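> how would this look folded up:
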Amino acid sequence: MLERFRRFWTGLLSPVADLLLRMGVSPDAVTLVGTVGVCAGALIFFPRGQLFVGVLVVTAFVFSDLIDGYMARASGRSSSWGAFLDSTLDRFGDAAIFGGLVLYFARYDDLLLASLALYCLVMGSVTSYARARAESLGMQARIGVAERADRLVAVLAMTGLSDLFGAPWLLTITLWVIAVASTVTVLQRIIVVRRQALPRQSAA
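Numbers count the residues shown, from 1 in each chain. Below you'll find the model as predicted:
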């Protein structure tokens with residue numbers, strides 16, 4: 001579902017990407033600007049309680065993640081460096097989104113939800129690290145019920161709707177679901193890597 005969503009928006013935004021290429025803008029520059037925009041939108045508006053506005057700003061810059069990939073492929077500039085930069089800066093954006101929510105809840109002295117948002121932030125990083133570490137060891141861990149795109153779409157959609165309709169319970173439920181799903185995903189990746197690693201140890 002999310003892959004079809006990605007293809008749809010990539011096709012829709014391709015004229016913008018082509019224009020940027022003709023202007024001499026590099027995919028790496030788009031990646032960097034997009035990350036700065038996401039971080040600024042989340043860390044400026046969320047702590048102030050302007051959740052819906054923050055979501056609009058963040059969402060606008062999140063699309064850069066689709067544009068830079070298209071630009072790299074269209075210009076023949078796809079490289080290990082570009083992939084590394086994109087994945088690394090994605091972690092900054094994710095941390096800013098959940099970090100902004102941590103500051104929002106802390107401002108209103110809701111320590112339970114602040115802690116929950118912080119847990120989601122940490123587990124999101126652990127989820128990504130588990131996969132990256134597995135791949136660096138020659139194994140695969142692309143499995144789990146809470147991929148990055150799933151977490152991102154869920155938290156942004158429900159954050160915006162909770163503020164727009166005055167229904168904070170939407171965000172609360174979403175954070176609990178993300179927390180549980182992220183934990184399950186980490187456990188799934190640990191198990192699948194162990195299954196791949198044990199035969200190697202036996203053979204050695």
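> residue ranges of the helices in this structure, please?
Here the chain has its helices, by DSSP state H, at 2-22, 27-45, 51-62, 64-75, 80-107, 111-136, 148-164, 168-203.
> Same list, these, but as CSV with mean pLDDT please.
What follows is the helices of the chain, written out as CSV (pLDDT from 0 to 100):
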stretch, mean pLDDT
helix 2-22, 68
helix 27-45, 93
helix 51-62, 94
helix 64-75, 78
helix 80-107, 92
helix 111-136, 95
helix 148-164, 93
helix 168-203, 93
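> which stretch among those comes nearest residue 142?
helix 111-136 (6.3 Å; Cβ to Cβ). Using the backbone N, CA and C atoms, a C-beta is placed for each residue, glycine as well.
> so that closest one versus helix 148-164, what angle?
Using axes from the mean of the first three to the mean of the last three Cα atoms, to 10 degrees, one finds that helix 111-136 and helix 148-164 are set 160 degrees apart in direction.
> can you state the direction angle for helix 111-136 and helix 168-203?
Using the same axes, to 10 degrees: helix 111-136 against helix 168-203 is 30 degrees.
> Report the buried residues of helix 111-136.
113-114, 116-121, 123-124, 127-128, 130-131, 134 (16 or more other Cβ atoms under 10 Å).
> just how off-centre is that helix within its chain?
Helix 111-136 sits 11 Å away from the centroid of its parent chain (Cα atoms, centre = their mean, to the nearest Å).
> packing partners for that helix?
helix 80-107, helix 148-164, helix 168-203 (3 or more Cβ pairs under 8 Å, 6 or more residues apart in numbering; DSSP states H and E).
> Cheers, nothing more for now.
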